[in-house]
Every structure is written in C-alpha cells, then in structure tokens.
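# sequence first, then the predicted structure:
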Amino acid sequence: MDFLELIQSNLLTPIVLFFLFGIITARIKSDLKIPDAISEFLPIYLLAAIGLHGGIEMRNTGFTAMLAPMLVAIALSLLFTLNHYQILRRLGKFNIFDSYALASTYGAVGAVTFSVGISFLDNQGVSSEGYLAAILAVLEPLAFILAIFLTNMAVSKQLEEKKKSFGSMESKIDINSGETRSNLKQVLHESITGKAIVILLGSIVIGYIIGENGFSSISIVFDELFTGAIVIFLIEMGIIAGQRLGDIREVGLFLTSFAIIIPTFNGIIGVLVATILGLSVGGSVMFGLLLASASFIAAPAVLRHTIPQAKPSLYITSALGITFPYNIIVLLPIMFTLSSFIHNSESINLFHHVTNFLT
C-alpha cells in the first residue's frame, strides 16, 4: 500500500470519520454533547487500558529492554522543548510566557494521540512494544517541569534587573514577583499526582503484577471495547476542535506552520532514532508519535495555574485544532510508511551502515 492509499484508508477508519463528524456537528452548531460523566470516564478508561498492556509487556520483556528507549526519549523531549522555545521566541517573536507554554505543550505528549496511534497500528495489523506506555507516563510531566523552571529563572532575572534599575520600586516588584513565579515543588507534585499520570502508572504496575494470565479475565473490557471507547471520545475531541476552528485566525500563520512542521520533524527524528535502538515497525511509529504529539488535555490544566500569563487560546487551539487532526490523519501514515520502508530487510541494512558510518 503506497502513501496516498494509506492516507485514504486512514481517512475511512471509524476513528477519523467520527472525529470529522464531531467537527461537522460543531460547525453546524448542533446541540450534540457527550455527557460530562462519560467525558470524564473515557480518558481514565483509555489510560488504564494502555497502562495494563504496558505493564504486561514490561513483565514479558524486562526493564532492561526499555531503559535505553526511555533515556533517549527523555533526552529528546528536553532537547525538543528547548528547541521549540528558541524557535518561538526568536523567530515567532512570542513573549517569554507564551513561548515557554507553547514549547512545553509540544514537548509533552498526548495520551489521546497515543491511543489513536495504537488503534491505527491495529488497523494495519502491526503491533508495538507495550512498554512505550511507561515512557508516555514519564514524558507527560517532564516538559512542563522544564518550561516552568526556566520561566521562573527568566522572571527572576528580569526582576533582578528591574530592582537594579528602579531601586525605589523594589517593594512593589517584590509583591508582583510572588504573583509571577510558580512554586516548582508544587508543580512537580501536581504533575505527578494528576489523575492522568496516577491512573497510567497505577495500571502499569497492576498489569506488571497480573501478567497475561490475570489480564485474560478482564480482556473483554480493556481489549475488545478499546476502539469503541476511542471513537466516542473522538466525537467530543472533534466537537471541541470544531468549536476552535474560528480561533485559528488568531493563532496566526507562523504558529499554524509551527504546529505542522515541528511535529513532522520531531516524529521523523523519533522514527529514525527508534529504528537505531532496535524497535519494531510499530514501536518506531509509536516512539515517533510520542515526540510528535502535543498535549491538549494536561497542558491547559497545568499551564493555566503555573504560567497564567500565557494565552490558552494559543496553546490549546494550535495543539487541538491543528496538530491533533494533522497527526492522526496525515503524520501517522507518513511515519508508518517511513518506518516500514526503513525496516525492509535491504533498507535497514543500508540504514545501519549509514548510521554506523556517521557515528
């Protein structure tokens, strides 16, 4: 199947079609709405399912198999977050707060996008390394913590400069600094104890304990209903994305381009690095998706409290309204095509020869 056929077949999957359906219902101003109880339940269910499979895979493969991919993913996530900030600050001319908020949004990972990626691979008849769910749990808070720490450092530097320039206003600045700086310890606690991370980590531990034998008794819930749950959840994501389509004009051309180019670059780098690390076709795609996805659920919850000066309309609209649809419709087929090509027996030999030569 060539690339265009893959995109076409992906467009006709229930997941993408229901997402587009949600967008249409929002644009025609339908009163369709997923009940609040279901919208709160579905992310918990999806993360629990991902975590259980991840824990089982960790038990089967052992911790050593995931150590190198996890360390590399952490390093790339931090590097990409810093790179995002430089691009947004220097080229995009965004202020410090918007730059760090956007940088962390695109440095973090999207659990919903990860769920769609698993379903996409299932449609292709391809599996992936389940322990990538553990990497998802580690990467989720990492970019936020880095961005908030650097924001605090930048604000502190600005305040010190102001104190030197306006000694008479020192007391006033001290008052304002308390409103501007975030408590990193509090951010760390909120990030790690947030319900998404707790349910994901807890499910990984439970999956590791029960193994495949224990999972068989609940597989009908966490296996067979998984795709159906994603479909319902993506109706809501489509409705929210459809409501934000009008905000894209406010985002501007630069950020619109950033929301497409950066995930593509990060995702392709992720696929190439994962292949070098020895991950499978599906594992390389999911590793790339971890680095390409943007957080649009955790990001608003964390950033609204920790970097309140940043505009939510920028990081929510770009992540949910632009990057998420692009990732699930276009970028997933791109990464799958690339990963399949590289893992071809002849291509992978050439690929390893080239990487060995470069290193």
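Alright, I've got the coordinates.

# now residue 294. Nearest residue, chain neighbours left out?
Closest residue to residue 294 apart from its sequence neighbours, by CB to CB, 6 or more residues apart in numbering: residue 319 at 3.8 Å. The C-beta positions use only the backbone N, C-alpha and C, and glycine is treated the same way.

# tell me the contacts of the one you found?
Contacts were defined as CB atoms under 8 Å, 6 or more residues apart in numbering; by that measure residue 319 touches 105-106, 110, 259, 294-296, 299.

# so where do the helices sit in the stretch 1-150 of the chain?
Ranges of helices in the stretch 1-150 of the chain, per DSSP state H, counting those that start in this stretch, are 3-11, 14-27, 36-61, 63-86, 96-107, 111-123, 132-165.

# can you put the ones you listed in CSV and add distance to residue 304, mean pLDDT and mean neighbour count?
Formatted as CSV, those follow (distance: least, CB to CB, whole Å; pLDDT from 0 to 100; neighbours: other CB atoms under 10 Å):
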stretch, distance to residue 304, mean pLDDT, mean neighbour count
helix 3-11, 33, 84, 14
helix 14-27, 22, 94, 18
helix 36-61, 18, 89, 19
helix 63-86, 19, 93, 17
helix 96-107, 9, 92, 28
helix 111-123, 18, 92, 22
helix 132-165, 12, 76, 20
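
# tabulate the ones you listed (TSV), appending distance to residue 307.
Formatted as TSV, the helices of the stretch 1-150 of the chain follow (distance: least, CB to CB, whole Å):
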stretch	distance to residue 307
helix 3-11	35
helix 14-27	28
helix 36-61	23
helix 63-86	12
helix 96-107	5
helix 111-123	21
helix 132-165	6
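
# among these, which is nearest residue 313?
Minimum separation from residue 313 across the helices of the stretch 1-150 of the chain (CB to CB) falls at helix 96-107, 10.1 Å.

# centre of the chain to that closest one, how far?
13 Å (CA atoms, centre = their mean, to the nearest Å).

# now residue 254: phi and psi?
Note on residue 254: backbone dihedrals following degrees, to the nearest 10 are phi -60, psi -50.

# so what's it up against?
Counted by CB under 8 Å, 6+ apart, residue 254 has contacts 91-92.

# can you list the low-confidence ranges for the stretch 151-300 of the chain?
Flagging of the stretch 151-300 of the chain using pLDDT under 70 yields the residue ranges 158-192, 194.

# what's the closest of the helices of the stretch 1-150 of the chain to residue 273?
It's helix 63-86; of the helices of the stretch 1-150 of the chain, that one is closest to residue 273 (CB to CB) at 6.2 Å.

# how near is the closest residue to residue 201 other than its chain neighbours to residue 73?
With CB to CB, 6+ apart as the criterion, residue 201 has its nearest non-adjacent residue at 5.3 Å, and that residue is residue 137. The gap separating residue 137 from residue 73 is 11 Å, by CB to CB, to the nearest Å.
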